[in-house]
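Peer 1: Need coordinates for the following:
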Amino acid sequence: MLDLDVLQAVTFVVIVLIALAWYLSYSAARLDRLHAKVEGAMSALDAQLVRRAEAALELANSGALDPGSALLIADAATASLERTTEHPLTEDLLDGQHFGGREGVESDLTAALRAALPDDVVAGLRARDDELVTDSLDRVAASGLRVRLARNFHNDAVREVRRVRAKRSVLFFRLAGYAALPEPVDFDDELPLALAA
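Peer 2: Numbers count the residues shown, from 1 in each chain. Predicted coordinates for the structure are as follows:
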């Protein structure tokens, strides 16, 4: 009778240990996938920011804008293109990347677009019936929208990682390892009203 009780207790402990091991393994794998999602979202955001800067530079160089507005947009777009997402680990371009303080530069480009493209200017450019200018405006509008979506997607992924990393089991068993806690990206990406419509 005593052997049966010991056997049951040992079986119960083994089952609990297996369940705990499975839970920790599953949690660590999920956390790893979430970190990869954040890194992929950062790369997507970086690509969309480059496209937006290129579209803005194309519009500035089209000759459709007055020289002051064109220079304002060109300077901000060039500054944006010169800044890149930082990759501290060169052997793996996704691992450990962060936005590298680009928020100010990207907000400056948004502000330049808003200042140079008020509603009346956009309406005047569209009324010209110049396909090149209309295409440039459409590319700026589309790339601006994709930047906003990419930033929101990235920030959602960051919130999910932070939520999971705040769990007691993740903290206690150090399931995150040495991975840096990702930070949300916050900058002004509000399109000029005439382009957003």
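
Peer 1: can you count the residues close to D156?
Peer 2: 14 (other CB atoms under 10 Å). All C-beta atoms are positioned from the backbone trio N, CA, C, and that covers glycine.

Peer 1: I meant to write G40 there.
Peer 2: Using other CB under 10 Å, G40 has 14 other residues around it.

Peer 1: For L193, see how far away S69 is.
Peer 2: The gap separating S69 from L193 is 16 Å, by CB to CB, to the nearest Å.

Peer 1: And for L59?
Peer 2: L59 is 17 Å from L193, where distance means CB to CB.

Peer 1: Mind checking which of those two has more residues around it?
Peer 2: Of the pair L59 and L193, L59 is the one with more neighbours under other CB under 10 Å, namely 27 against 12.

Peer 1: What does the pLDDT read for the closest residue to the more buried one other than its chain neighbours?
Peer 2: Closest residue in space to L59, ignoring its immediate chain neighbours: S136 at 4.2 Å, by CB to CB, 6 or more residues apart in numbering. Looking at S136, its pLDDT stands at 93.

Peer 1: mind listing what S136 touches?
Peer 2: 55, 58-59, 62, 64 (CB atoms under 8 Å, 6 or more residues apart in numbering).

Peer 1: ok, these vs S169, which is closest?
Peer 2: Checking the contacts of S136 against S169 by CB to CB gives A55 as the nearest, at 45.6 Å.

Peer 1: can you pull the contacts of the closest one?
Peer 2: A55 neighbours (CB under 8 Å, 6+ apart): 136, 139-140, 142-143.

Peer 1: Okay, now the unreliable bits of this protein?
Peer 2: Low-confidence segments of the chain (pLDDT under 70): 1-4, 84-98, 197.

Peer 1: and with 80 instead?
Peer 2: By pLDDT under 80, the low-scoring segments of the chain are 1-4, 84-101, 196-197.

Peer 1: hang on, the earlier thing: can you tell me which of the contacts of A55 are classed as buried?
Peer 2: 136, 139-140, 143 (16 or more other CB atoms under 10 Å).

Peer 1: Can you redo the residues you listed as a markdown table, where the extra columns are secondary structure and distance to N155?
Peer 2: Converted to a markdown table, these look like this (DSSP: H, G, I helix; E, B strand; the rest coil; distance: CB to CB, whole Å):
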| residue | secondary structure | distance to N155 |
| --- | --- | --- |
| S136 | helix | 29 |
| R139 | helix | 24 |
| V140 | helix | 23 |
| S143 | helix | 19 |
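
Peer 1: okay if I get the contacts of A55 as a markdown table plus distance to K37?
Peer 2: Converted to a markdown table, those look like this (distance: CB to CB, whole Å):
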| residue | distance to K37 |
| --- | --- |
| S136 | 33 |
| R139 | 28 |
| V140 | 28 |
| A142 | 24 |
| S143 | 23 |
